[in-house]
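Q: starting from these lines, generate the structure:
(one chain, ligands or ions: 2)
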Amino acid sequence: MNPDIVLEARTLKKSYHKDRIEVPVLKGIDLSVERGLVTTLVGRSGSGKSTLMHLLAALDHPDCGEIRFCGERIDNASRARRDAYRNRNLGIIFQFYHLLPELSAIENVLAPLMISQSALSYFRNRKEAKRRAEAMLDRVGLLHRAAHKPSEMSGGEMQRAAIARSLMANPSLLLADEPTGNLDTDTGRDILKLLRTLNEDDDLTILMITHDDSIAETADHCYRMKDGLLESDSAKLQVA
Ligand code: ADP
Ligand code: MG
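A: Numbering: from 1, shown residues only. Ligands and ions are numbered 1, 2, ... in the order given. Next up, the predicted model:
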């Protein structure tokens, strides 16, 4: 086991079934995410990027193949172990933010904690939790919007709130599925800058999905999804 590899996938396969016809999406994915790096996964819409991310986040099962986090198999682990893996180690952000519309920014940041703890335990720890949520909002430059609801925020602000929420449990790995896909170029660039700062200052390992080559090439390591397989683009990036 290579201690520098946080997340590793070997020969992952996944098909969907439509009208009894098997539609293969992932045909034998090999991937290694190295600790401390920003890795991107680039591919056209419909190429299977989100399907792969769901497998890596243990939100779905591969048909075959293995996924290891710090050497430990997670693809065939119990549901409790898979939930613990996700909740303790991963931050996850999406293109459409997935904020709860009726909650303010800070309530959204606190929501996973409120759901994962008993009411009593949350009540006992609420001051500390609120302090941490404020610190996370401050970290992403959104403290001044703490009381705003998603409908009162811009796209970039909503993504910052989602990033703050993903950082609450102090994850070692951030999985980002097209985090700038719904943002204009400048706002998207600001979000990428923020992710790079979190990578450099907080040693957060990042795996980011994108369909945009120019974003993919800002990474330390880039994989390209093609016909259900991954090609490593690192040689090209080293030249660039
Ligand atoms: P990407 O994220 O690269 O745009 P996806 O992983 O979302 O691609 O989808 C890959 C392919 O799998 C697409 O053809 C899509 O229609 C299909 N697909 C995704 N999810 C499902 C599902 N739950 N059931 C059936 N087909 C699906
Ligand atoms: Mg997708």
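Q: ends of stretch 133-153, what's the gap?
A: Stretch 133-153 has an end-to-end distance of 18 Å (C-alpha to C-alpha, to the nearest Å).
Q: pull the longest helix from this protein.
A: In the chain, ranked by residue count with DSSP state H as the criterion, the top helix is helix 119-139.
Q: which residues touch residue 229?
A: By C-beta atoms under 8 Å, 6 or more residues apart in numbering, the contact set of residue 229 is 27, 28, 29. Any C-beta I mention is one placed from the backbone N, CA and C, and that applies to glycine too.
Q: identify all contacting residues around the longest helix of the chain.
A: Among residues not part of helix 119-139, those counted as contacts by C-beta under 8 Å, 6+ apart are 105-106, 109-110, 113-114, 117, 143, 145-146, 160-161, 164-165, 167-168, 198.
Q: same thing with stretch 202-215?
A: Contacts made with stretch 202-215 from outside it, assessed by C-beta under 8 Å, 6+ apart, are listed as 6-7, 33-45, 49-50, 53, 56, 91, 171-181, 188, 192, 195, 198-199, 216, 219.
Q: switch the cut-off to 6 Å
A: For stretch 202-215, the external contacting residues (C-beta atoms under 6 Å, 6 or more residues apart in numbering) are 6, 33, 35-36, 38-42, 45, 49, 53, 173-178, 195, 198-199, 216.
Q: and that stretch, what's buried?
A: By 16 or more other C-beta atoms under 10 Å, the buried positions in stretch 202-215 come out as 204, 205, 206, 207, 208, 209, 210, 211, 215.
Q: identify the bridge partners of the third one.
A: For residue 206, the beta-bridge assignment (DSSP bridges) gives partners residue 38, residue 174.
Q: from residue 221, how far off is it?
A: According to C-beta to C-beta, to the nearest Å, residue 206 and residue 221 sit 11 Å apart.
Q: cool, and residue 176?
A: Shown here: residue 176 relative to residue 221, a distance of 15 Å by C-beta to C-beta.
Q: please say which of the two ends up with more neighbours.
A: Ranked by neighbour count (other C-beta atoms under 10 Å), residue 176 and residue 221 place residue 176 first, with 28 against 18.
Q: that one and residue 93 touch, don't they?
A: Yes - under the criterion of C-beta atoms under 6 Å, residue 176 is in contact with residue 93, at a separation of 4.9 Å.
Q: off-centre distance for the helix or strand harbouring residue 208?
A: For residue 208, the host element (DSSP states H and E) is strand 205-210. For strand 205-210, the gap between its own C-alpha mean and the chain's C-alpha mean amounts to 7 Å (C-alpha atoms, centre = their mean, to the nearest Å).
Q: tabulate the CA atom coordinates of it in PDB.
A: Output in PDB follows, covering the C-alpha atoms of strand 205-210 (Å, rounded to 0.1, in the frame of the first residue of the first chain):
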ATOM      1  CA  THR A 205      -6.800  16.700  -0.900                       C
ATOM      2  CA  ILE A 206      -9.300  17.400  -3.700                       C
ATOM      3  CA  LEU A 207     -10.800  15.300  -6.500                       C
ATOM      4  CA  MET A 208     -12.700  17.600  -8.800                       C
ATOM      5  CA  ILE A 209     -15.000  16.600 -11.700                       C
ATOM      6  CA  THR A 210     -15.300  19.000 -14.600                       C
END
